[in-house]
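S.K.: I would like the atomic coordinates for the input below:
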Amino acid sequence: MDDTENLDSPVILTAIMAETVTLGFTMASEPRTGSLLRTLAGSKPSGAILELGTGTGVATAWLLDGMDEQSRLITVEQDPEVASVARKHLGDDPRVTFYVDDAEQVLARIADLRFDLIFADTWVGKYTHLDAALGLLREAGLYVIDDMMPQANWPDGHAEKVRDLIAVLEAKEDLVLTKMSWASGIIVATKRGLTDRRGA
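M.R.: Reported below is the predicted structural model:
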């Protein structure tokens, strides 16, 4: 089996990727990550989904491709230039709401909402404000992060931050997680109530 073949990418992705390359934006999610996100979104009928870090909309397109008509996606991006690409190609989809704003501010604004799937692909909700993001996750909801294996665009010292983040997630008693040395390095965690802990 070749996990890079026959991914059946969203049709709109060709145009998004062309503009992504033109902008020189190098932080878009890779295709296998997108494929996984689409599958996970498809597992949440009528789901509420949150994406932190829209970028140019690459992962956004995959998420929308997996969502049913009743699902809704909120996606957040601070950089208006890259967000404009996503809005240009995906903004007509009524299932998605774009926030072009600092993710920290948006997390505070939507603190009363709960989500079935959170894809944290920016600093906020991952390396900072992790508890705020996880607090928005419903029980049995999924929290997904990528880029957990070394990347060419990592700044000095970032490997230590990744290691520390993994340790924090592993220590959380209300999360069940799987670490995958696959694609760019992915962690999928699901939230459970503390009463569901083994042996409780």
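
S.K.: distance between the helix or strand hosting Asp164 and the chain's centre?
M.R.: Here Asp164 sits within helix 158-171, counting by DSSP states H and E. Centroid separation between helix 158-171 and its chain, computed with C-alpha atoms, centre = their mean, to the nearest Å, is 17 Å.

S.K.: can you give me the strands for the chain?
M.R.: Ranges of strands in the chain, per DSSP state E, are 48-52, 72-77, 96-100, 115-120, 137-145, 175-180, 186-191.

S.K.: Would you mind giving those as TSV with distance to Ala108 and mean neighbour count added?
M.R.: The way it works is simple: take the backbone N, C-alpha and C, and place the C-beta from them, glycine included. TSV is the format used below for the strands of the chain (distance: least, C-beta to C-beta, whole Å; neighbours: other C-beta atoms under 10 Å):
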stretch	distance to Ala108	mean neighbour count
strand 48-52	13	26
strand 72-77	12	24
strand 96-100	12	19
strand 115-120	15	25
strand 137-145	16	20
strand 175-180	22	14
strand 186-191	20	19
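
S.K.: related to what we said a few turns ago, who touches the helix holding Asp164?
M.R.: Under the contact criterion C-beta atoms under 8 Å, 6 or more residues apart in numbering, helix 158-171 has outside partners 126-127, 130, 145, 148, 150, 175, 177, 179, 187, 189.

S.K.: Can you add pLDDT and distance to Thr56 and give those back as a markdown table?
M.R.: Compiled in a markdown table, those are given as follows (pLDDT from 0 to 100; distance: C-beta to C-beta, whole Å):
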| residue | pLDDT | distance to Thr56 |
| --- | --- | --- |
| Lys126 | 97 | 19 |
| Tyr127 | 96 | 21 |
| Leu130 | 97 | 25 |
| Ile145 | 98 | 19 |
| Met148 | 93 | 21 |
| Pro150 | 87 | 23 |
| Leu175 | 97 | 30 |
| Leu177 | 96 | 28 |
| Lys179 | 97 | 27 |
| Ile187 | 98 | 23 |
| Ala189 | 98 | 26 |
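
S.K.: Of all pairs in these, which one is the farthest apart?
M.R.: Pro150 and Leu175 (23.8 Å; C-beta to C-beta).

S.K.: For the nearest residue to Lys191 once chain neighbours are set aside, which residues are in contact?
M.R.: Sequence neighbours aside, Leu137 is the residue nearest to Lys191 in space, at 4.8 Å (criterion: C-beta to C-beta, 6 or more residues apart in numbering). Contact analysis of Leu137 by C-beta under 8 Å, 6+ apart lists 114-115, 118, 143, 191.

S.K.: Closest one of those to Thr22?
M.R.: Ile118 (29.5 Å).

S.K.: and the closest one, what are its bridge partners?
M.R.: Leu50, Tyr143 (DSSP bridges).

S.K.: So Val96 sits against Glu77, correct?
M.R.: No - counting by C-beta atoms under 8 Å, Val96 sits too far from Glu77 to count as a contact (11.9 Å).

S.K.: Okay, Ala133 and Lys191: tell me how far apart.
M.R.: According to C-beta to C-beta, to the nearest Å, Ala133 stands 11 Å off from Lys191.
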